[in-house]
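**Student:** Model the structure of this input:
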Amino acid sequence: MPVVTLEDILNCPTLPSLPAVAVKVIELTSDDDVSLDELAQTIQNDQGLASKVLRTVNSSFYGLRQRCATIERALVMLGLGPVKSLALGFSLVQTVDGSATDGFDLISYWRRGLYCAVAAKSFADAAKLDCGDEAFLGALLQDVGMIAMNTALGTDYAKLTQETEKDHRELVARELRDFELQHPDVGAMLCKKWKLPDELLIPVKFHERPTAAPPSCVELVRLVGLGGYAYEALTVDEPQAAMRQLYKRAQQWFRMDESRVDEVMRGVAEDVKEASKLFGLDTGEPVDADQVLLQAQRQMIEVSRANAAQAPSLMGLDEVAGAITTTDPLTGLLAKDAFTSALVASFEACEQSGDPIAVIAIAVEGVEAIVKRFEEECALEIALGVGTLMRKHFEPMGGVVARLSRNVFAAVVRSVDHKEAQAACKRFKSDFDRHPEVWVPTEASSDVHLSVSIGTADTLPSDSLITRAEMLLAAATHAVKEARAAGGGCIRTYAPKRKAA
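**Tutor:** Numbers count the residues shown, from 1 in each chain. Reported below is the predicted structural model:
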């Protein structure tokens with residue numbers, strides 16, 4: 001491989017450069033007192049760019065109620081951030097597409113870039129952060145160092161990208177081994193040469209190692225990092241590992257639970273289709289996010305089965321563990337007796353602290369009909385799947401989850417009232433309703449219905465008759481019966497109260 005330095009690459013005469021209008025936009029927006037009229041005029045001086053920006057702001061991607069006819073109006077209706085992001089984004093597409101050499105896979109490049117960008121913005125919006133536009137542009141820019149290295153190194157670098165197409169981490173490792181350079185560092189220096197602000201330069205430099213980002217831009221870098229995990233999960237053959245990392249980092253960095261992550265992922269897949277059209281980019285075949293999430297769920301079930309067989313775990317029991325050791329051998333959840341002990345311990349603790357406690361009981365309907373038509377293995381698949389969803393939705397709330405019988409599951413959650421419990425149950429049910437096709441044979445899906453009846457009970461009402469843990473479980477069980485009596489597939493809350501005097 002040729003020996004090159006960072007200076008060699010940055011001094012390459014064919015290195016990509018931003019269009020003049022993009023340079024001017026960067027210059028203007030670096031001033032806190034930027035004149036919106038001057039900025040609008042700068043963009044409108046490039047009629048091609050202006051028309052692309054207006055077409056995008058008037059698309060379903062932004063969902064404006066009134067049509068926007070001018071850049072000035074776009075700045076008023078959307079604000080500076082989106083218009084700036086679009087102007088620079090379109091300029092970047094023009095720059096990259098005009099700089100790639102033969103052998104460099106632009107479809108793969110833009111597929112990663114656009115999925116990461118849309119996901120980064122979507123996670124920013126979901127976390128209610130104001131940096132969504134910067135996250136979009138930072139993610140779109142993150143791999144620009146690959147373009148610079150390809151320009152300077154030609155076919156040697158293009159060959160490397162082909163060999164590591166499905167593994168971006170392997171690409172970075174091979175870059176260092178073969179060229180003693182890495183595209184995040186090259187990209188950051190190119191951004192500096194373009195005089196881009198830190199909120200764009202830093203995500204480029206740290207997108208492969210978000211935990212090392214400086215505090216000033218840590219949220220942006222983390223959002224770009226989530227975009228990378230989302231891209232990987234939506235495009236690799238085995239999404240389970242990437243989804244686990246995405247769930248972990250979204251919770252750790254932005255306190256976002258798995259249900260919210262799933263919701264964002266579905267939106268990302270749809271928005272990328274729209275963004276690809278708007279930016280005129282070929283990003284390959286569209287992705288079915290539901291199928292990806294279902295596939296990841298099946299892989300997680302298989303991992304849970306293996307773990308349960310080898311060493312059943314007691315997840316979420318640090319506070320009540322002690323003598324509780326009985327688990328369901330299939331799912332690894334608590335068995336009935338251990339759950340009762342956990343419930344009693346939790347109930348007594350909440351009585352002393354004055355905190356509410358909720359019990360959730362879940363009955364899975366339709367299992368026996370499926371087993372009757374097919375085989376017992378289906379019941380095992382369903383139990384494993386429901387157990388995985390129980391952990392996913394109730395353990396992040398501090399809950400203890402159990403399998404009480406063949407088709408009945410339960411959770412006890414401290415410091416949670418009936419509203420919070422019902423919201424968690426709705427998320428669980430919504431997730432459950434998307435999964436039967438994973439657990440049920442395809443030929444049964446049209447005439448065998450799998451559903452859940454859910455009952456909740458809690459100790460919050462001041463006039464509640466619930467004074468013992470056993471009564472709380474009985475109330476949740478009664479609520480399940482009410483859900484079944486209502487036709488099943490629904491959620492009911494039972495709160496016995498004293499009769500008026």
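**Student:** C-alpha only now, for contacts and for neighbours.
**Tutor:** OK.
**Student:** so what's Ile491 closest to, chain neighbours aside?
**Tutor:** Ile454 (4.6 Å; CA to CA, 6 or more residues apart in numbering).
**Student:** So that neighbour: helix, strand or coil?
**Tutor:** Classification of Ile454 by DSSP: H, G, I helix; E, B strand; the rest coil places it in strand.
**Student:** List the contacts of it.
**Tutor:** By CA atoms under 8 Å, 6 or more residues apart in numbering, the contact set of Ile454 is Ile360, Ala361, Ile362, Ala363, Cys425, Ala479, Val480, Ala483, Gly489, Cys490, Ile491, Arg492.
**Student:** That one bridge partners, please.
**Tutor:** For Ile454, the beta-bridge partners are Ile362, Ile491 (DSSP bridges).
**Student:** what's the distance between it and Leu223?
**Tutor:** Separation of Ile454 from Leu223 (CA to CA, to the nearest Å) stands at 35 Å.
**Student:** One more: Gly354?
**Tutor:** Taken as CA to CA, the span from Gly354 to Leu223 is 38 Å.
**Student:** Likewise for Phe254?
**Tutor:** With CA to CA as the criterion, Phe254 and Leu223 are 9 Å apart.
**Student:** Next: Val53.
**Tutor:** From Val53 to Leu223 the distance is 24 Å (CA to CA).
**Student:** more crowded one of these two?
**Tutor:** A count of neighbours by other CA atoms under 10 Å puts Leu223 above the other of Val53 and Leu223, at 34 against 27.
**Student:** Ignoring the adjacent residues along the chain, who's closest to the more buried one?
**Tutor:** Once flanking residues are discounted, Leu223 sits nearest to Ala120: 4.9 Å by CA to CA, 6+ apart.
**Student:** got it, and Cys131?
**Tutor:** Nearest residue to Cys131 in three dimensions, chain neighbours excluded: Ala124, at 6.6 Å (CA to CA, 6+ apart).
**Student:** Other residues contacting the helix or strand where that neighbour lies?
**Tutor:** Element membership of Ala124, judged by DSSP states H and E, is helix 106-126. For helix 106-126, contacts defined as CA under 8 Å, 6+ apart pick out 97, 100, 130-133, 135-143, 165, 223-228, 230-231, 260, 264-265, 267-269, 271-272, 275-276, 281-284.
**Student:** Which ones among those residues map onto helices?
**Tutor:** Using DSSP state H, the subset of these located in helices is 97, 132-133, 135-141, 223-228, 230-231, 260, 264-265, 267-269, 271-272, 275-276.
**Student:** Just the buried residues of those residues.
**Tutor:** For the ones in helices among the contacts of helix 106-126, a burial check counting by 16 or more other CA atoms under 10 Å picks out 132-133, 135-141, 223-228, 230-231, 260, 264-265, 268-269, 271-272, 275-276.
**Student:** Quickly find the element holding Arg174.
**Tutor:** helix 168-179.
**Student:** For the helix or strand following that helix, buried residues please.
**Tutor:** Using DSSP H and E, the helix or strand that follows helix 168-179 in sequence is helix 183-193. Buried residues in helix 183-193, counted by 16+ other CA under 10 Å: His183, Pro184, Asp185, Val186, Gly187, Ala188, Met189, Leu190, Cys191.
**Student:** Looking at the fourth one now. What's its pLDDT?
**Tutor:** With respect to pLDDT, Val186 has a value of 93.
**Student:** try Glu365
**Tutor:** 90.
**Student:** How about the one 10 residues further on?
**Tutor:** Note on Glu375: pLDDT of 70.
**Student:** what's the spacing between it and Glu7?
**Tutor:** The gap separating Glu375 from Glu7 is 66 Å, by CA to CA.
**Student:** go on, Thr331?
**Tutor:** For Thr331, the distance to Glu7 equals 57 Å [CA to CA].
**Student:** With Arg266 instead?
**Tutor:** Counting by CA to CA, the gap from Arg266 to Glu7 is 42 Å.
**Student:** Among the two, which residue is more densely surrounded?
**Tutor:** Between Arg266 and Glu7, counted using other CA under 10 Å, Arg266 has the larger neighbour count: 17 against 10.
**Student:** Asp290 is in contact with the more buried one, correct?
**Tutor:** Yes - assessed by CA atoms under 8 Å, Arg266 is found in contact with Asp290 at 6.8 Å.
**Student:** list the residues that contact both of those two?
**Tutor:** The contact sets of Arg266 and Asp290 do not overlap (CA under 8 Å, 6+ apart).
**Student:** so Arg67 touches Asn58, yeah?
**Tutor:** Yes - when contacts are counted by CA under 8 Å, Arg67 is listed as touching Asn58 (6.1 Å).
**Student:** Mind checking which of those two has more residues around it?
**Tutor:** Between Arg67 and Asn58, Asn58 has the larger neighbour count (other CA under 10 Å), namely 17 against 14.
**Student:** for that one, what are its contacts?
**Tutor:** Applying CA under 8 Å, 6+ apart, the residues near Asn58 are Leu64, Arg67, Cys68.
**Student:** Glu348: which of the residues you listed is nearest?
**Tutor:** When those are ranked by distance to Glu348 (CA to CA), Leu64 comes first, at 53.1 Å.
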